[in-house]
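Undergrad: here you go, sequence then predicted model.
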Amino acid sequence: MGRITIFSLTECPHCKRTKGALANRNIPYVDINLSYYPSKRNDMLALSDRLTVPQVFFNETHIGGAEDTIKLLERWDAEKKYDTAAARYIKEIASVADPTDPRLEVPTGPPVQEAPPPPRNHDEDDIPVPNGDATTKKMTVLALTKLLMERMPKVDLPYRGTFYKNSFRGSMGTAALKEIFKLKDNEEAVAFGKLLQKRQILDHVTADHRFDDTDQYYFRLQAYATPNIINSLRIWTDRVDPNPEALVVRLKSMLGKVESKYTDSKGNMDYLAASKDEQFDVFDEAICEIQKVEFARMEDNQKLAFGINLYNLMIKHAFIKVGIPTKNIQRASFFDTVSYNIGGDVLSFSELENGVLRANSRAPYHLGLPFPTGDRRRRLALDRVDCRIHFALNCGAKSCPPVKKFSSQAIDEELRIVAQAFCEQEENVGVDEEKQELYLSTIFHWYQPDFAESKAGLAEKVVGFLRGEKKAALQWMVSRNDKKIKIQYNHYDWGTNAKESKIYAGSEIRGDEKSVKALFNF
């Protein structure tokens with residue numbers, strides 16, 4: 001009998017939404033999960049010429065992705081051709097023979113197991129913690145950090161015109177450590193504090209003094225030291241995966257499992273609940289490994305694939321950890337301030353996109369280059385801009401391209417496919433031959449220099465991303481000499497899939513604050 005086939009990924013919220021739409025109508029389907037059978041990805045590409053998941057087939061007819069499938073099901077509901085959508089499925093799909101195309105065959109072999117990461121070096125990375133009875137036990141850096149974040153004092157302390165945020169005096173830290181770990185005296189607490197400083201769990205606020213039982217010096221947990229650098233819960237001292245692409249894929253999978261847990265059948269996610277999940281804490285520590293990735297040594301294709309994948313992962317991480325911007329002024333702060341430590345270089349979203357991936361090009365609505373003369377991060381910039389990155393980078397908004405996985409080995413073909421998929425959507429590229437008008441995503445306006453020297457050259461550039469009737473129509477419009485093409489930019493939907501979330505506030509991730517009050521209040 002006939003069937004519905006879905007190519008999906010385990011952590012994909014759009015796949016979950018599509019399957020939910022079918023399940024809610026009691027329509028069965030078979031799932032070809034590319035997380036478990038990655039070799040089937042080539043079959044999906046050959047059948048659909050799309051990288052996005054899900055890709056849905058009604059027998060051998062390609063329906064499309066999540067939006068295409070859900071719209072079709074809603075049309076079935078409205079048409080009421082049969083009593084129910086399930087009845088229509090039985091009559092029109094299940095009643096015919098099975099698909100014969102071997103590329104739609106459900107794999108029967110054992111699923112591919114994800115390659116395990118290099119083992120963590122717990123013997124050296126874990127920290128000996130006093131038991132309160134002259135013995136010690138070992139705690140992981142994550143467990144110890146979370147305990148100290150809960151129990152150690154954190155106040156904004158003034159000194160010579162600066163408020164040092166989330167800090168504590170040495171005497172306060174000594175008393176807290178003595179209480180938390182049931183130590184016999186202050187001397188033992190100071191000794192443990194010095195060990196924590198040596199292991200980079202805490203430090204002096206300006207890294208000038210050793211920990212001591214004193215009111216004079218201020219200290220702070222590493223977790224609060226650089227709040228705008230969101231992969232700085234700890235300083236990474238563990239082993240480093242020699243394969244950075246595999247590392248990002250593994251980290252994406254870790255976060256994807258958290259996302260999937262808090263994403264409903266409509267694709268909406270509870271970011272607040274996700275932020276409190278223990279597995280998010282595990283991810284929040286694991287992402288610190290990016291601090292040791294050798295970004296500067298990557299070849300261009302690897303840097304391009306790695307950079308795109310990491311940018312898309314950073315967005316989801318930031319949405320959970322620091323919140324989602326909802327206004328233009330918040331978005332400006334979010335993209336310019338929220339940062340990652342990548343191989344020792346601190347890069348904001350804007351600097352990763354415009355400084356590295358756009359070959360140190362000026363960002364929209366900015367005056368200068370991301371990396372000015374003398375900035376050591378200039379060495380990270382790609383030699384040239386590939387405009388197709390704008391069909392791959394996802395900033396979390398509904399009008400953004402969907403998130404895909406890119407690889408250094410196939411990045412050119414992958415970018416070709418996502419460019420084509422993006423431009424096939426009417427909300428991104430619309431052609432009106434009669435009016436000689438071209439309707440484009442605002443992305444083409446913001447990054448027009450990457451696509452063409454002038455606005456007038458955009459239409460000819462876009463032709464190369466199209467196929468079929470739309471391509472023929474735009475080619476004809478470009479070839480006309482009697483009437484210029486009028487280009488209009490579509491509304492950009494900054495909405496997200498958030499059901500519940502924290503609202504991003506730049507003040508909450510701002511570092512130590514200069515203030516006149518701090519001159520007189522210490």
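TA: Nice, I can see it. Residues are numbered from 1 along each chain as shown.

Undergrad: can you map out the helices along the stretch 351-500 of the chain?
TA: Counting by DSSP state H, counting those that start in this stretch, residue ranges of the helices within the stretch 351-500 of the chain are 411-424, 442-446, 448-451, 458-463, 468-479.

Undergrad: export those helices as JSON lines, with columns for distance to Thr61, mean pLDDT and mean neighbour count.
TA: For glycine as for every other residue, the C-beta is placed from the backbone atoms N, C-alpha and C. Written out in JSON lines, the entries for the helices of the stretch 351-500 of the chain read as follows (distance: least, Cβ to Cβ, whole Å; pLDDT from 0 to 100; neighbours: other Cβ atoms under 10 Å):
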{"stretch": "helix 411-424", "distance to Thr61": "17", "mean pLDDT": "91", "mean neighbour count": "20"}
{"stretch": "helix 442-446", "distance to Thr61": "31", "mean pLDDT": "97", "mean neighbour count": "19"}
{"stretch": "helix 448-451", "distance to Thr61": "34", "mean pLDDT": "97", "mean neighbour count": "18"}
{"stretch": "helix 458-463", "distance to Thr61": "28", "mean pLDDT": "96", "mean neighbour count": "20"}
{"stretch": "helix 468-479", "distance to Thr61": "17", "mean pLDDT": "94", "mean neighbour count": "15"}
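
Undergrad: would CSV of those with distance to Val240 be doable?
TA: Compiled in CSV, the helices of the stretch 351-500 of the chain are given as follows (distance: least, Cβ to Cβ, whole Å):
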stretch, distance to Val240
helix 411-424, 23
helix 442-446, 35
helix 448-451, 33
helix 458-463, 40
helix 468-479, 46
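
Undergrad: any idea which of the ones you listed gets closest to Glu433?
TA: The minimum distance between Glu433 and the helices of the stretch 351-500 of the chain falls on helix 468-479, with 5.1 Å, by Cβ to Cβ.

Undergrad: mind giving me the packing neighbours of that closest one?
TA: Taking 3 or more Cβ pairs under 8 Å, 6 or more residues apart in numbering; DSSP states H and E as the contact definition, the neighbouring helices and strands of helix 468-479 are strand 429-432, helix 458-463.

Undergrad: OK, contacts around the closest residue to Arg376 other than its chain neighbours?
TA: Spatially, and ignoring its direct neighbours in sequence, Arg376 is nearest to Asp345 (7.5 Å; Cβ to Cβ, 6 or more residues apart in numbering). Shown here is Asp345, whose contacts under the criterion Cβ atoms under 8 Å, 6 or more residues apart in numbering are 295-296, 376-377, 380.

Undergrad: in PyMOL, how would I select just the buried ones from these?
TA: In PyMOL, the members of the contacts of Asp345 classed as buried (16 or more other Cβ atoms under 10 Å) are selected with the following command:
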select buried, resi 295+377+380
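
Undergrad: and the two most separated of the contacts of Asp345?
TA: With distance counted by Cβ to Cβ, no two of these lie farther apart than Phe295 and Arg376, which are 12.2 Å apart.

Undergrad: starting at the chain centroid, how far to stretch 346-363?
TA: For stretch 346-363, the gap between its own C-alpha mean and the chain's C-alpha mean amounts to 16 Å (Cα atoms, centre = their mean, to the nearest Å).

Undergrad: oh, that last question was meant for stretch 495-509, not what I typed.
TA: 14 Å.

Undergrad: for Phe406, give its distance to Ile417.
TA: To Ile417, Phe406 is 10 Å away according to Cβ to Cβ, to the nearest Å.

Undergrad: for Leu72, same thing?
TA: The separation that Leu72 has from Ile417, given Cβ to Cβ, amounts to 22 Å.

Undergrad: residues contacting Leu157?
TA: Leu157 sits next to 163-164, 167-169, 218, 522 when contact means Cβ under 8 Å, 6+ apart.

Undergrad: of the contacts of Asp345, closest to Ala318?
TA: Checking the contacts of Asp345 against Ala318 with Cβ to Cβ, the nearest one is Phe295 at 18.7 Å.

Undergrad: need the contact list for the nearest residue to that closest one once chain neighbours are set aside.
TA: Spatially, and ignoring its direct neighbours in sequence, Phe295 is nearest to Gly343 (4.0 Å; Cβ to Cβ, 6+ apart). Shown in contact with Gly343 (Cβ under 8 Å, 6+ apart): 290-296.

Undergrad: nearest to Ala305 among these?
TA: Comparing the contacts of Gly343 against Ala305 with Cβ to Cβ places Phe295 closest, at 12.3 Å.

Undergrad: pLDDT score assigned to that closest one?
TA: The predicted structure scores Phe295 at 97 on the pLDDT scale.

Undergrad: mind listing the helices for the stretch 101-250 of the chain?
TA: Along the stretch 101-250 of the chain, counting by DSSP H, counting those that start in this stretch, helices occupy 122-125, 141-151, 170-180, 186-198, 244-261.

Undergrad: could you dump those helices to a markdown table with mean pLDDT, distance to Ile308 and mean neighbour count?
TA: Formatted as a markdown table, the entries for those read as follows, by pLDDT from 0 to 100; distance: least, Cβ to Cβ, whole Å; neighbours: other Cβ atoms under 10 Å:
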| stretch | mean pLDDT | distance to Ile308 | mean neighbour count |
| --- | --- | --- | --- |
| helix 122-125 | 90 | 30 | 11 |
| helix 141-151 | 97 | 28 | 17 |
| helix 170-180 | 97 | 42 | 20 |
| helix 186-198 | 97 | 37 | 18 |
| helix 244-261 | 93 | 10 | 20 |
